[in-house]
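Trainee: What shape does this take:
(one chain, ligands or ions: 1)
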Amino acid sequence: MKYILYARKSSEDKSKQILSLESQVSEMKKLASSLGLEISQIYTESKSAKLPNNRPLFLEMLKLLENGTGDYGILCWKIDRLSRNPIDSGKIQWLLQQSKIKVIQTSDKQYLPSDNVLLLNIEGSMANQYILDLSKNVKRGLRTKLEKGGWPCIAPIGYLNDGKGGILIDKERAPYVKQIFEMYISGNYTIKEIADKIYAYGLKSRGGNKYHKSQIYTLLNNKFYYGIMTSHGEEYQGNHEPIISKRLFEEAQEMAHKKQHVKKNKLDFIFRGLMICARCGCLYTASKKRGKHIYYYCTNGRNKCEEHKSYLKETDAVKMLADVFERLTFPEEVINLMYEASLDKLKQKAENEQYHKIKNELLKRLKIREDRQAELFNLLLDKAISKDDFEAKGKIITDELNSLNEELKTLENKNQPLAKTTLEQMKNLFLAQQALRNKFLKAKPNKQREIIKNILWNAEVMDGKITNIKFKEPYSLFAKDPQKGSLDLMWAHKDSNPGPLRCKRSALAS
Ligand SMILES: [Zn+2]
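Mentor: As a prediction, the model looks like this:
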């Protein structure tokens with residue numbers, strides 16, 4: 001038996017996966033020699049196989065097969081090199097069935113007359129169409145299901161797939177979902193803080209891990225929880241039981257909007273976004289009055305608060321918040337421990353991948369120079385180069401080494417000092433207990449903001465006065481006995497949950 005080698009690549013075959021004509025020929029020659037096959041003819045053709053009867057050499061090959069002894073096999077790299085249209089495929093199949101082609105050998109398969117001839121079709125051009133139709137049908141099926149109120153995908157956190165295409169409430173996790181929404185609208189937590197808290201409360205992923213803040217964010221934006229399914233930009237009414245009310249969802253959206261707003265303007269006003277209304281729970285905002293004084297007031301987001309008629313002057317707020325430090329005592333040992341811990345965390349954070357990548361690159365370049373320096377010195381010892389040459393080349397390498405070392409130092413410095421200085425200042429601030437209050441008063445506004453944000457949950461304000469503050473951990477551990485506190489401040493550091501606020505909120509909602 002003799003083999004005809006057929007290779008084809010058209011200008012339409014843009015894919016890099018398709019070998020060039022030469023490579024197809026050499027691949028198949030290699031295969032033939034390893035299988036001990038004799039090649040009688042080689043046809044190479046640069047034509048598309050999408051249209052039938054479009055390839056003169058292919059037609060010539062067919063004629064040869066039809067009229068020949070019938071003792072021929074075909075060698076081609078992939079079956080689609082032979083044909084990509086049903087007419088040409090049909091001709092090949094017919095020849096194969098009649099045993100006028102004894103075998104088709106590709107780089108990974110063998111097709112024999114006894115084989116199911118449909119294989120040729122499915123693996124050729126029709127495979128594409130088949131896959132296209134399939135995905136169209138799947139999409140159509142998904143849409144039908146959505147329109148009927150069913151969810152065709154994996155259930156979000158708080159729900160379960162029942163295995164029969166339905167969605168059930170996950171009794172164990174659904175309460176956490178509601179809690180996440182409630183924590184978020186309280187305004188007391190960042191999404192990161194919610195992720196940490198809810199994990200501590202017991203919500204874990206299937207693998208037992210903490211949900212990432214991005215997952216909490218997605219959850220807070222998923223209308224599924226009040227009954228609406230979103231898919232490819234379309235909304236559908238779901239059959240599943242909601243976990244939260246539409247109103248709770250919308251409040252979370254409002255909060256997200258506010259937080260964005262606060263973030264954008266945070267440097268204008270020190271305490272914006274850090275104080276809330278004791279009456280209605282809304283965030284306080286601020287504006288400049290009469291050109292210079294800054295006043296804080298309730299945004300009255302729920303439209304049922306009279307508190308927005310009273311104002312808190314920023315300078316007064318600073319003084320009131322400075323009193324906070326008289327409520328704290330820090331043992332020096334604890335402060336040092338905290339500092340060390342934060343420093344460690346900082347280091348880990350700073351030494352991120354990018355930094356490592358650049359640093360390793362620099363170290364590699366340094367190593368090359370150092371090796372060269374040693375090599376050069378060996379050459380001098382072996383008297384392979386003159387002393388002058390040694391010095392000239394040595395100077396170049398030394399210069400390169402110096403500048404690389406400098407680059408490395410800059411990189412390392414850039415990576416740490418700012419945050420470290422801040423930490424150091426904080427540490428010293430807390431260490432100097434007596435001076436704490438004064439230092440806070442003298443600090444720059446953005447520093448004041450940073451400190452307050454670090455140690456306190458949102459302060460509650462009523463009638464132009466701060467009425468309630470609560471220390472964040474670990475500062476809550478160092479708060480003095482609340483009974484001895486000043487009379488106008490009510491300390492609530494015992495519980496790390498902002499309980500009162502939530503009660504107030506639900507009282508309002510009912
Ligand atoms: Zn209010």
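Trainee: Is residue 411 within a helix or a strand, and which one?
Mentor: helix 387-415 (DSSP states H and E).
Trainee: Enumerate the residues of the chain near the ion.
Mentor: 277, 279, 280, 282, 298, 305, 307 (C-beta under 5 Å from the ion). In short, each C-beta sits where N, CA and C put it, glycine included.
Trainee: got the contact list for residue 1?
Mentor: 38, 71, 72, 73, 102, 103 (C-beta atoms under 8 Å, 6 or more residues apart in numbering).
Trainee: any idea how far residue 69 is from the closest residue to the first one other than its chain neighbours?
Mentor: Same thing as residue 38. Closest residue to residue 38 apart from its sequence neighbours, by C-beta to C-beta, 6 or more residues apart in numbering: residue 2 at 5.5 Å. Distance, residue 2 to residue 69, using C-beta to C-beta, to the nearest Å: 9 Å.
Trainee: do residue 178 as well
Mentor: Residue 178 is 81 Å from residue 69, by C-beta to C-beta.
Trainee: The two: who's more crowded?
Mentor: Between residue 178 and residue 69, counting by other C-beta atoms under 10 Å, residue 178 is the more crowded of the two (15 against 9).
Trainee: where does that one fall, helix, sheet strand or coil?
Mentor: In three-state terms, and counting by DSSP: H, G, I helix; E, B strand; the rest coil, residue 178 is helix.
Trainee: My read is that it contacts residue 244, right?
Mentor: Yes: between residue 178 and residue 244 there is a contact under C-beta atoms under 8 Å: 5.5 Å.
Trainee: Which segments of this protein make up each domain?
Mentor: 2-128, 159-253, 270-329+433-509, 333-421 (automatic domain parsing).
Trainee: how about these, which one is nearest residue 143?
Mentor: domain 159-253 (8.0 Å; C-beta to C-beta).
Trainee: Please determine how far residue 185 is located from residue 219.
Mentor: Distance from residue 185 to residue 219, by C-beta to C-beta: 13 Å.
Trainee: Over to residue 258?
Mentor: Remark: distance between residue 258 and residue 219 (C-beta to C-beta) = 19 Å.
Trainee: Of the two, give the one with the bigger neighbour count.
Mentor: Neighbours were tallied for residue 258 and for residue 219 using other C-beta under 10 Å; the higher tally belongs to residue 219 (23 against 17).
Trainee: what's the following helix or strand after the helix or strand encompassing the more buried one?
Mentor: Assigned by DSSP H and E, residue 219 falls within helix 213-220. For helix 213-220, the following helix or strand on the C-terminal side (DSSP H and E) is strand 228-231.
Trainee: Give me the sheet partners of that next one and which way each runs.
Mentor: strand 234-237 (antiparallel) (DSSP bridges).
Trainee: Heading C-terminal from the partner strand, find the next helix or strand.
Mentor: helix 246-264.
Trainee: What's the first helix or strand after the helix or strand where residue 450 lies?
Mentor: Assigned by DSSP H and E, residue 450 falls within helix 445-455. Using DSSP H and E, the next helix or strand after helix 445-455 towards the C-terminus is strand 459-462.
Trainee: Note down every partner strand of that following strand and its orientation.
Mentor: Take DSSP bridges as the rule and strand 459-462 pairs in its sheet with strand 275-277 (parallel), strand 465-469 (antiparallel).
Trainee: Now do that strand, average pLDDT.
Mentor: Per-residue pLDDT over strand 459-462 has a mean of 90.
Trainee: roughly how far out does it sit from the chain middle?
Mentor: From the chain centre to the centre of strand 459-462 is a distance of 36 Å (C-alpha atoms, centre = their mean, to the nearest Å).
Trainee: List the contacts of it.
Mentor: Applying C-beta under 8 Å, 6+ apart, the contact partners of strand 459-462 are 271, 274-279, 284, 296, 298, 307, 312, 321, 452, 466-469, 501.
Trainee: just stretch 393-410 next, same as before
Mentor: Against stretch 393-410 from outside (C-beta under 8 Å, 6+ apart): 359, 362, 363, 365, 366, 369, 370, 372, 373, 376, 385.
Trainee: Looking at the stretch 301-450 of the chain, what residue ends up closest to the ion?
Mentor: residue 305 (3.1 Å; C-beta to the ion).
Trainee: element containing that residue, please.
Mentor: Going by DSSP H and E, residue 305 is not in any helix or strand.
Trainee: Can you classify the closest residue to it other than its chain neighbours by secondary structure?
Mentor: Spatial nearest neighbour of residue 305, chain neighbours left out: residue 280 (3.9 Å); criterion: C-beta to C-beta, 6+ apart. Classification of residue 280 by three-state DSSP places it in coil.
Trainee: follow-up on the earlier one: now the buried members of the contacts of residue 1.
Mentor: 72, 73, 102, 103 (16 or more other C-beta atoms under 10 Å).
Trainee: Surely the last one touches residue 73?
Mentor: Yes: when contacts are counted by C-beta under 8 Å, residue 103 is listed as touching residue 73 (4.3 Å).
Trainee: Now do the contacts for the residue in the stretch 101-250 of the chain that the ion sits nearest to.
Mentor: Of all residues in the stretch 101-250 of the chain, the one sitting closest to the ion is residue 187 (11.9 Å; C-beta to the ion). Under the criterion of C-beta under 8 Å, 6+ apart, the neighbours of residue 187 are 255, 258, 259, 276, 281, 283, 458.
Trainee: is it true that residue 236 touches residue 152?
Mentor: No: if you go by C-beta under 8 Å, residue 236 and residue 152 don't touch, sitting 10.5 Å apart.
Trainee: For those two, list the residues in contact with both.
Mentor: In contact with both residue 236 and residue 152: residue 146, using C-beta under 8 Å, 6+ apart.
Trainee: So for these two, which sits in the more crowded spot?
Mentor: Per other C-beta under 10 Å, whichever of residue 236 and residue 152 has more neighbours is residue 236, with 18 against 15.
Trainee: State the pLDDT value of that one.
Mentor: Looking at residue 236, its pLDDT is 93.
Trainee: just to revisit the earlier point, report the beta-bridge partner residues of the residue nearest to residue 38.
Mentor: residue 38, residue 72.
Trainee: For it, give its distance to residue 75.
Mentor: 10 Å.
Trainee: Can you report how many residues neighbour the residue nearest to residue 466 when sequence neighbours are not counted?
Mentor: Spatial nearest neighbour of residue 466, chain neighbours left out: residue 320 (4.5 Å); criterion: C-beta to C-beta, 6+ apart. Per other C-beta under 10 Å, the neighbour tally for residue 320 reads 18.
Trainee: Then residue 385?
Mentor: 15.
Trainee: What of the one 3 residues further on?
Mentor: Using other C-beta under 10 Å, residue 388 has 8 neighbouring residues.
Trainee: For it, give its distance to residue 366.
Mentor: For residue 388 relative to residue 366 (C-beta to C-beta), the value is 26 Å.
Trainee: From residue 466, how far out is residue 440?
Mentor: When residue 440 is compared with residue 466 (using C-beta to C-beta), they lie 14 Å apart.
Trainee: Residue 475 now?
Mentor: 16 Å.
Trainee: With neighbour numbers in mind, choose between those two.
Mentor: Neighbour count, other C-beta under 10 Å: between residue 475 and residue 466, residue 466 has more, with 25 against 19.
Trainee: who's that one bridged to?
Mentor: Beta-bridge partners, per DSSP bridges, of residue 466: residue 461.
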